[in-house]
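> fold the following for me, if possible:
(one chain, ligands or ions: 3)
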Amino acid sequence: MPIAGSPSPVSTDPPLSTGPSASTGPSASTGLPPAGAAAQAGGFAAAWLRANCPCAGCRDPGSGQRLVSITDQPADVRVTEAVADRDDLRVTFWPDGHQSVFRRSWLARQSAPAADERAQDARRLWVAADLGGGPPAWAWPDYLASAAVREDCLATLMRDGIALLRAVPREPGAVLAVAAGMGYVRETNYGRLFDVRVEATPANLAFTGLPIAPHTDNPYRDPVPTVQLLHCLETAVAGGDSGLVDGFRAAELLRAADPDAFGLLAATPVTFAYADATASLQATRPMIGLDPAGRIREIRFNDRSLQPWRPAGPAGDAVAAAAAFYAAYRALAQVLLRPELMVTFRLEPGDCIVFDNTRILHARTGFAASGRRHLQGCYADLDGVSSTLAVLRRGARQPPGQPAAVPDQAAVPDQAAAPDQAAVPDQAAVPDQAAAPDQEAMP
Ligand code: OGA
Ligand code: ZN
Ligand code: ZN
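Ligands and ions are numbered 1, 2, ... in the order given. As a prediction, this is how the structure comes out:
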């Protein structure tokens with residue numbers, strides 16, 4: 001019987017097995033599973049197997065997307081027959097006799113723990129010495145010319161959280177081409193890009209020659225921009241050097257040294273806010289974001305936009321709680337300032353530093369306000385970077401001239417195929433005119 005609401009399953013497949021015999025068929029009188037029906041097969045729960053059936057009735061052969069909803073499958077689905085040969089596992093289900101054929105090689109891969117590429121286990125946490133004197137760097141012309149360079153650069157950006165592109169044209173708006181060559185520009189109230197230079201009446205420290213302590217940008221947004229780019233057009237005569245810190249590493253050091261402070265920062269939502277004449281933004285999230293297993297997944301840290309701590313719930317000792325929060329906040333800030341954690345370098349004209357804004361904190365030293373230092377920045381997102389990298393890797397696995405594989409059960413079952421729409425860095429968006437910078441903009 002077809003699953004309710006779905007196309008007829010396995011209609012074109014030859015019968016895979018004899019199916020349940022009369023003696024093991026469903027009991028019409030009780031509705032109970034027949035004797036011998038199993039809650040699992042091959043180490044997978046019956047419900048798991050049924051939900052992941054690759055037949056043309058359950059999964060669209062073209063896109064690989066599931067055609068059925070979880071409520072379409074019987075609540076108490078069981079396996080009445082499971083036959084394994086060298087390559088396949090053939091399963092027949094009770095109560096509807098639905099049949100599935102699973103590649104055993106595919107099944108084997110599903111036993112590996114699910115990986116969250118954003119959480120700390122998928123990253124390489126670093127201190128400055130691990131980077132060998134500066135951020136990993138590539139030449140922008142090489143990035144444009146070579147898929148292998150793009151793959152190496154983006155893999156590093158995902159793993160280490162930073163990538164420096166050199167020889168980016170010293171032209172206003174070029175930062176947008178870099179972002180578009182990696183993913184998608186995230187437009188904000190500051191425009192598609194923003195200028196960082198000394199202003200006559202600065203609305204923000206970024207637009208003075210003052211030093212800026214390690215911070216993540218725009219923590220007052222939810223979702224936060226997950227990638228930041230800063231492109232140097234002109235440099236200061238002296239000073240204005242850049243620093244980057246791995247916030248995941250810093251938070252891990254705090255967890256080891258002061259688990260209570262770490263736990264407090266992970267459990268205390270705090271509000272970051274920004275307002276100017278045309279924008280009013282705020283987000284309330286913990287400074288240290290964890291996944292359900294307690295792995296670090298996100299850092300939000302910005303002295304400038306942090307709002308006063310307020311009690312999360314009713315009653316309690318607010319004075320003691322506030323004192324504990326500020327002590328923990330201070331403890332994290334102290335770790336972030338450890339010299340051995342910060343990779344320092346100087347952005348030269350044509351350099352564009354790209355970093356994971358959910359992980360890497362950026363800073364700069366002070367410089368003479370009379371100087372001509374000029375950066376342009378913009379935001380993008382890690383999901384786009386990750387997608388561009390995945391498509392590059394897909395391309396690298398294929399012989400030249402072959403079309404990209406349509407996802408099938410053996411490849412990426414939960415991704416719709418859209419190989420033709422993959423980002424092509426060489427066709428990166430032509431930088432459009434720089435949006436008139438908001439005088440009050442505070443990156
Ligand atoms: C920024 C910022 C650093 C710099 O604009 O977000 O932190 O080097 N700038 O000027
Ligand atoms: Zn099916
Ligand atoms: Zn910043």
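> excluding covalently adjacent residues, which one is nearest to Asn357?
Here the nearest residue to Asn357 in space, its sequence neighbours aside, is Gln228; by CB to CB, 6 or more residues apart in numbering that works out to 4.4 Å. All C-beta atoms are positioned from the backbone trio N, CA, C, and that covers glycine.
> can you give me the helices for the stretch 251-400 of the chain?
Using DSSP state H, counting those that start in this stretch, the helices assigned to the stretch 251-400 of the chain run over residues 259-267, 318-336, 382-397.
> sec struct for the residue lying closest to Phe44 once chain neighbours are set aside, please.
Once flanking residues are discounted, Phe44 sits nearest to Leu107: 6.8 Å by CB to CB, 6+ apart. With DSSP: H, G, I helix; E, B strand; the rest coil as the basis, Leu107 sits in helix.
> my read: Leu107 touches Trp48, true?
No: in terms of CB atoms under 8 Å, Leu107 does not count as a neighbour of Trp48; the distance is 10.0 Å.
> and these two? which has more neighbours close in?
Leu107 (19 against 13; other CB atoms under 10 Å).
> what about the more buried one, distance to ligand 3?
Applying CB to the ion, to the nearest Å, the value for Leu107 to ligand 3 is 47 Å.
> quick one: residues contacting that residue.
Gly42, Phe44, Leu89 (CB atoms under 8 Å, 6 or more residues apart in numbering).
> from the residues you listed, keep the buried residues only.
Phe44, Leu89 (16 or more other CB atoms under 10 Å).
> with distance to Arg330, secondary structure and pLDDT added, can I get the contacts of Leu107 in CSV?
Output for the contacts of Leu107, formatted as CSV (distance: CB to CB, whole Å; DSSP: H, G, I helix; E, B strand; the rest coil; pLDDT from 0 to 100):
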residue, distance to Arg330, secondary structure, pLDDT
Gly42, 54, coil, 95
Phe44, 49, strand, 98
Leu89, 57, strand, 98
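> ok, so of the contacts of Leu107, who is nearest ligand 2?
Ligand 2 has its nearest neighbour among the contacts of Leu107 in Leu89, at 13.5 Å by CB to the ion.
> what's the helix or strand for the residue nearest to that closest one when sequence neighbours are not counted?
Among residues not flanking Leu89 along the chain, Phe102 sits closest, at 4.6 Å (CB to CB, 6+ apart). Element membership of Phe102 [criterion: DSSP states H and E] is strand 99-103.
> which parts of that strand are buried?
In strand 99-103, counting by 16+ other CB under 10 Å, buried: Gln99, Ser100, Val101, Phe102.
> just list whatever residues bridge to the second one.
Note on Ser100: beta-bridge partners by DSSP bridges are Val91.
> can you tell me which residues contact it?
Val10, Leu49, Arg50, Cys53, Pro54, Cys55, Cys58, Arg90, Val91, Phe93 are the contacts of Ser100 under CB under 8 Å, 6+ apart.
> next, give phi and psi for the third one.
It stands for Arg50. With angles defined as degrees, to the nearest 10, Arg50 sits at phi -60, psi -40.
> return the closest of the contacts of Leu107 with respect to ligand 1.
Phe44 (48.2 Å; CB to the nearest ligand atom).
> bridging residues for that closest one?
If you apply DSSP bridges, the partners that Phe44 bridges to are Ala41.
> state the distance from it to Gln65.
21 Å (CB to CB, to the nearest Å).
> ditto for Ala331
Distance from Ala331 to Gln65, by CB to CB: 47 Å.
> so which of the two has more stuff around it?
Ala331 (18 against 13).
> quick one: contacts for the more buried one?
Counting by CB under 8 Å, 6+ apart, Ala331 has contacts Leu254, Ala257, Asp258, Ala261.
> swap the cut-off to 10 Å and go again
Taking CB atoms under 10 Å, 6 or more residues apart in numbering, we find Ala331 in contact with Leu254, Ala257, Asp258, Asp260, Ala261, Phe262, Leu264, Leu265.
> and the gap between the third one and Val127?
The reference is to Asp258. 18 Å.
> correct me, but His362 touches Asp241?
No: using CB atoms under 10 Å, His362 makes no contact with Asp241, being 11.5 Å away.
> between these two, who's got more neighbours?
His362 (22 against 17).
> which residues does that one contact?
162, 212-217, 228, 230, 242-245, 342, 353, 355, 443.
> hmm, 7 Å instead?
By CB atoms under 7 Å, 6 or more residues apart in numbering, the contact set of His362 is Pro214, His215, Ser242, Leu244, Phe355.
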